[in-house]
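In: give me the fold of what follows.
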Amino acid sequence: MQSHFYAVLSRMKNIYRWGLMRNTREENLSEHSLEVALIAHCLAIIGNRRLGKNLNPEFIACSAVFHDTSEIITGDMPTPIKYYNSDIKTTYKEIEKTADEKLLSLLPDDLREDFIPLYNPDEESKKIIKAADKISALIKCIEETNMGNREFEAARKSLQQVILDMDLVEANIFMEEFLSSFYLTLDEQL
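Out: Residues are numbered from 1 along each chain as shown. You can find the predicted model right below:
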């Protein structure tokens, strides 16, 4: 049986984020997913090393790679619309679930069972991935405001508060130890 799963996933690079905002540099879904995976991996390691948790950083990173693949089918729904009210939020979650199921159906039967957990991580892994997703969005806002794009100032402030409100110690540690570097130039970072 021929599978179209990876050919469809390769289209992540064609899905651009932040559609309602003027961008100095466009960001596609592939770039975002890699950054979320890198951050989620770090958050899981922080949880294990510093907080005595027993998380699986590799699983969490891999699940983070797949966290927005439904957007290949749905497109990137801007946050203000996605969360406009509870009806839209609930309906959009159902649409995302249906899109995920469609993607999983593209896999050969003997491989599908290995992918289902990546699309349905446990609650603690979901929290880590969600925090990484928000941190990645915050980093995009920092990059844009560093380039003089005031369009992202309100989103930056809002995302900082959203992350703090998550009350996830791993995310707070990441913000304290890594986030200020994103305000620096490469020469200052090195």
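In: per-residue pLDDT, the closest residue to Asp133 other than its chain neighbours?
Out: The spatially closest residue to Asp133, leaving aside those adjacent along the chain, is Val36, at 5.2 Å (C-beta to C-beta, 6 or more residues apart in numbering). Yep, even glycine has a C-beta here, placed from its N, CA and C like the rest. Per-residue confidence at Val36 stands at 98 (pLDDT).
In: buried set for the host helix or strand of Val36?
Out: Counting by DSSP states H and E, the element that carries Val36 is helix 29-51. Of the residues in helix 29-51, 29-33, 35-37, 39-47 count as buried by neighbour count, 16 or more other C-beta atoms under 10 Å.
In: and the direction of the helix or strand following it versus that of helix 29-51, what angle?
Out: The helix or strand immediately downstream of helix 29-51 is helix 57-65, counting by DSSP H and E. Per axes from the mean of the first three to the mean of the last three C-alpha atoms, to 10 degrees, the angle that helix 57-65 makes with helix 29-51 is 150 degrees.
In: tell me what whatever helix or strand comes next after helix 57-65 is packed against?
Out: Once helix 57-65 ends, the next helix or strand along the chain (criterion: DSSP H and E) is helix 71-74. Counting contacts by 3 or more C-beta pairs under 8 Å, 6 or more residues apart in numbering; DSSP states H and E, helix 71-74 packs against helix 86-105.
In: pLDDT-wise, which helix or strand of the protein ranks last?
Out: helix 79-82 (a mean of 76; mean pLDDT, DSSP states H and E).
In: quick one: that one to chain centroid distance?
Out: 15 Å (C-alpha atoms, centre = their mean, to the nearest Å).
In: got the CA coordinates for it in PDB?
Out: Extracted C-alpha coordinates of helix 79-82, given in PDB (Å, rounded to 0.1, in the frame of the first residue of the first chain):
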ATOM      1  CA  THR A  79      -5.700  33.000  17.900                       C
ATOM      2  CA  PRO A  80      -8.100  35.900  18.200                       C
ATOM      3  CA  ILE A  81     -10.600  34.000  16.000                       C
ATOM      4  CA  LYS A  82      -9.900  30.500  17.400                       C
END
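In: so what does that helix touch, helix or strand wise?
Out: helix 86-105.
In: quick check: buried residues in the helix it packs on?
Out: Tyr92, Glu96, Ala99, Asp100, Leu103, Leu104.
In: format the residues you listed as CSV; extra columns: pLDDT and distance to Tyr84.
Out: Shown next, in CSV, are the buried residues of helix 86-105 (pLDDT from 0 to 100; distance: C-beta to C-beta, whole Å):
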residue, pLDDT, distance to Tyr84
Tyr92, 88, 10
Glu96, 94, 16
Ala99, 97, 20
Asp100, 97, 22
Leu103, 98, 26
Leu104, 98, 28
